[in-house]
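J.: Sequence and predicted model, in that order:
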Amino acid sequence: MPPRPKVPLTRPNPLRNMKPIKAPTALSRKAAMGAARGKARPACPNPQCTKPQIEDGVCHNCGTVVDDSNIVSEIQYGESSSGAAIVQGSHVGADQGGAQTMGPAFRRAGGGESNKENTLREGKRVMQALANQLGISDQVVGVGHQIFKLASMNNFIQGRRTDLVAAVCLYSACRKEQPCRVMLIDFADKSQVNVFTLDKYFKALHKQISLAIDGILPVLPEDLIWKFASKLEFYEQTEKVADDAIRMVRRMSLDWMVMGRRPSGVCGACLILAARMNNFRRTVTEVVYVVKVTTATIQKRLEEFKRTPSSALTVEEFLNNEFLESAHDPPSFYQKSEAYLKEMEEKKKKRKRKGKGKTIETEEDNAEDTEEENDESNKRQKSTSGAPVPSGEVRRDADGFAIPAIPTSREENIDPQLLDDAIEDESGTSFNKLVAEFGDVEPADAEADKELEKHAGAPTRGPGRPRNDEPPIEMPEE
């Protein structure tokens, strides 16, 4: 039999198997000590104060101000006169130095809006209305609203109309985006204000606020061609006319006719030429109402293009071939030459006077005209039939279209006696001849004729008692 195990005389200690407790850290010891002490009361900075009693940053015992920035970060709610819950306090913006404690803004501190917020909201409303009328995207409107905020922060709105400042800010945002398909005159038309007034606002805004580091991007004529062409009713050929007009703009750019010019005038001239090339008759007046320039501007652009070598090409040569390598001189260059100035002086001499149909001609011009008339009379045979003589030159109107010739007046042989009789009838000499021939003595029965005329010309009376035409009765005296 195996031996029995021996039982230990002492029992095991359970404390040996327990894990030791970690000592608290320094932060936890400080937190525990602070919680045990409680919140320390602020001490009065006045050393002579024996019993400091500080409340709301002021010692009530000696009157010393302990803390002058009593800012409470807690949100407190109140109740208005109508029973609605409002937040007590005032909003301090990032660009403000402090909260307003006077004026209407302080009374609106419980959730109302300030003057600046109303101005920003009004500017956003004006921009949105203009964007809907001009077809501007919401992204550009957002950029314009940020520019409007910068203008408000720099006090640009003070002394200026809010709607005009909003229009200028939106136009500045459009100029930052490419391509730009709107013009300043479009905003002036919608705002019903002079375009030069908006121009002053635009220049003042960019002078006070730096919005473009590399400068303001120009408006290219190619970006406006499609908008103008769609308004001239070319229907299914709108795209083709617009492409031809863009090709015309590029040719004018090579001839130095686009630089330094407003894009609307160049677009108007190119659209007229492109319409004629595609058999559309669009007059200068119709294009003027679309591109919003004067007639003289478009006529001047057409005259400048007429002097370039490209104007001598046919339509097929211009559209199908490459551009000419030669480039014409800029208009500002050749307009100062002696040949151009002499040509302008000759045109001024033959210009018609205002209110008269005569032309101003010099003695040399008159002598040349008489010589030409004599030569033509010697070469031409006189026709007695009175038919118009066909001329080699075709008459054209102001737009360049052919019109029929003026019919010549036929000279007819009229009896001079008939002319004398007509003149005598108009002047009254024929009546004098009759008086001299028959006399002016009245006939014997002239008195009878006067009586008949008297009774015949008397007016008829209406119903009632007739008038008594009998002579009055004379009563004898007694």
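T.: Yep, that arrived. Residues are numbered from 1 along each chain as shown.

J.: which residues sit in contact with residue 344?
T.: Under the criterion of Cβ atoms under 8 Å, 6 or more residues apart in numbering, residue 344 has no contact partners. No exception for glycine: its C-beta is placed from N, CA and C like everyone else's.

J.: again, but for residue 192
T.: For residue 192, no contacting residues are found, by Cβ under 8 Å, 6+ apart.

J.: could you measure it against residue 185, distance?
T.: As for residue 192, its distance to residue 185 is 12 Å (criterion: Cβ to Cβ, to the nearest Å).

J.: And for residue 278?
T.: Noted for residue 278: a distance of 27 Å to residue 185, by Cβ to Cβ.

J.: Residue 260 now?
T.: Taking Cβ to Cβ, one finds residue 260 at 18 Å from residue 185.

J.: okay, the two: which has more neighbours?
T.: With other Cβ atoms under 10 Å as the criterion, residue 260 and residue 185 differ in neighbour count, and residue 185 comes out ahead with 17 against 9.

J.: Neighbours of the residue nearest to the more buried one when sequence neighbours are not counted, how many?
T.: Spatial nearest neighbour of residue 185, excluding adjacent residues (Cβ to Cβ, 6 or more residues apart in numbering): residue 195 at 4.8 Å. Counted by other Cβ under 10 Å, the residues lying close to residue 195 total 15.

J.: residue contacts, residue 195?
T.: By Cβ under 8 Å, 6+ apart, the neighbours of residue 195 are 184, 185, 188.

J.: of all these, which comes closest to residue 224?
T.: When the contacts of residue 195 are compared for distance to residue 224 (Cβ to Cβ), residue 185 comes out closest, at 11.4 Å.

J.: Surely that closest one touches residue 290?
T.: No: here residue 185 does not reach residue 290: they are 11.9 Å apart, not a contact under Cβ atoms under 8 Å.

J.: Just to confirm, what confidence does the model report for the residue nearest to residue 185?
T.: The predicted local distance difference test score for residue 195 is 91.

J.: Then residue 433?
T.: The predicted local confidence for residue 433 comes out at a pLDDT of 66.

J.: Likewise for residue 145?
T.: pLDDT recorded at residue 145 is 93.

J.: what's the answer for residue 214, then?
T.: According to the prediction, residue 214 has pLDDT 71.

J.: tell me the phi and psi of it?
T.: When quoted as degrees, to the nearest 10, the phi and psi of residue 214 stand at phi -90, psi 10.

J.: After the helix ranked longest in the chain, which helix or strand is next? Please name it.
T.: Of all segments of type helix in the chain, defined using DSSP state H, the longest is helix 115-134. Scanning forward in sequence from helix 115-134, with DSSP states H and E defining helices and strands, the next element found is helix 138-153.

J.: helices or strands next to the very next helix or strand once past that following helix in the packing?
T.: Past helix 138-153, heading to the C-terminal end, the next element that is a helix or strand (DSSP H and E) is helix 162-176. Using 3 or more Cβ pairs under 8 Å, 6 or more residues apart in numbering; DSSP states H and E as the contact test, the elements touching helix 162-176 are helix 115-134, helix 138-153, helix 184-191, helix 195-208.

J.: CA atoms only for the second one, dumped as CSV, please.
T.: What follows is the C-alpha trace of helix 138-153 in CSV, where atoms were taken according to Å, rounded to 0.1, in the frame of the first residue of the first chain:
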residue,chain,number,x,y,z
ASP,A,138,-25.3,79.8,-61.3
GLN,A,139,-21.5,79.2,-60.9
VAL,A,140,-20.8,82.7,-62.3
VAL,A,141,-23.5,84.1,-60.1
GLY,A,142,-21.7,82.6,-57.0
VAL,A,143,-18.4,84.2,-58.1
GLY,A,144,-20.2,87.5,-58.6
HIS,A,145,-21.7,87.3,-55.1
GLN,A,146,-18.2,86.8,-53.6
ILE,A,147,-17.0,89.9,-55.5
PHE,A,148,-20.0,91.8,-54.1
LYS,A,149,-19.0,90.7,-50.6
LEU,A,150,-15.5,92.1,-51.2
ALA,A,151,-16.9,95.3,-52.4
SER,A,152,-19.1,95.5,-49.3
MET,A,153,-16.1,94.9,-47.0
